[in-house]
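Asker: Turn this into a structure:
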Amino acid sequence: MKHLAASLKVFTILSLITGLLYPVLIAVVAGLVWKPQSEGQIERYGSPLIGQEFKSPEHFHSRPSAINYNPLPSGGTNFGPTSATLKMQMADRAAAGAALDLLTASASGLDPHISPDSARQQLERVAEARQLNENQRVELSALVERAIEPPTFDLLGEPRVNVLLLNIATDAHFGKTGHGP
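Answerer: So this is what the prediction gives:
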């Protein structure tokens, strides 16, 4: 009986710490350090925190998604490097002109970012589709360069470009194409 009482005390204390105090502490810290992300962000055409598909040639394209950009079942394909299906998907995407990180889906299937190189490799297609002159092409390139976000805290991750925000900026600068981002 003595051990049962001690076990119940330890269980209660650990339940309070891990089930109440720790989650509240994490929520408060997240709210202070990452306020926009903790509150969520919604733009007119979606959230810059969740990847979405862009098919229009006038817009920059996101990474492919194994879950069709649906945030509920978040996940990747789990195809390994020797998977014939993955190799076929990558070959199809490469043949369609996909660039670098646009060949494979992100692990969550919801990554809203692409690499700066992938954004730069899409410049010509976007400029052609929008029928931009040479000066406007320079402006489009400058938009991409301004859209590059540094690694988090200049330490974690790689430089990246948020596709939704870049497409919104492109539409604002050159006019909407009628398709929405």
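Asker: Could you use CA atoms for every contact and neighbour count after this?
Answerer: OK.
Asker: Now do the buried residues in stretch 159-175.
Answerer: Neighbour counts over stretch 159-175 (16 or more other C-alpha atoms under 10 Å) mark 159-171 as buried.
Asker: Mind putting the residues you listed into TSV with distance to residue 71, secondary structure and pLDDT?
Answerer: Shown next, in TSV, are the buried residues of stretch 159-175 (distance: C-alpha to C-alpha, whole Å; DSSP: H, G, I helix; E, B strand; the rest coil; pLDDT from 0 to 100):
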residue	distance to residue 71	secondary structure	pLDDT
159	24	coil	96
160	21	strand	95
161	20	strand	96
162	17	strand	95
163	17	helix	95
164	16	helix	93
165	19	helix	94
166	21	helix	96
167	21	helix	94
168	21	helix	93
169	24	helix	95
170	25	helix	96
171	25	helix	94
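Asker: Just the helices from this structure, written as ranges.
Answerer: In order along the chain, the chain carries the following helices (DSSP state H): 2-16, 22-33, 35-39, 84-95, 116-121, 123-130, 134-147, 163-174.
Asker: Which one of the ones you listed has the poorest average confidence?
Answerer: Across the helices of the chain, helix 35-39 has the smallest mean pLDDT, namely a mean of 67.
Asker: quick one: the residue most central in space within the chain from residue 164, how far?
Answerer: When C-alpha atoms, centre = their mean is applied to the chain, the residue found nearest the centroid is residue 112 (1.7 Å). Distance check for residue 112 against residue 164: by C-alpha to C-alpha, to the nearest Å, it reads 7 Å.
Asker: likewise residue 31?
Answerer: Using C-alpha to C-alpha, one obtains 23 Å as the distance from residue 31 to residue 164.
Asker: Same check on residue 118?
Answerer: Taken as C-alpha to C-alpha, the spacing of residue 118 relative to residue 164 amounts to 14 Å.
Asker: need the contact list for residue 151.
Answerer: Neighbouring residues of residue 151 by C-alpha atoms under 8 Å, 6 or more residues apart in numbering: 157, 158, 159, 160.
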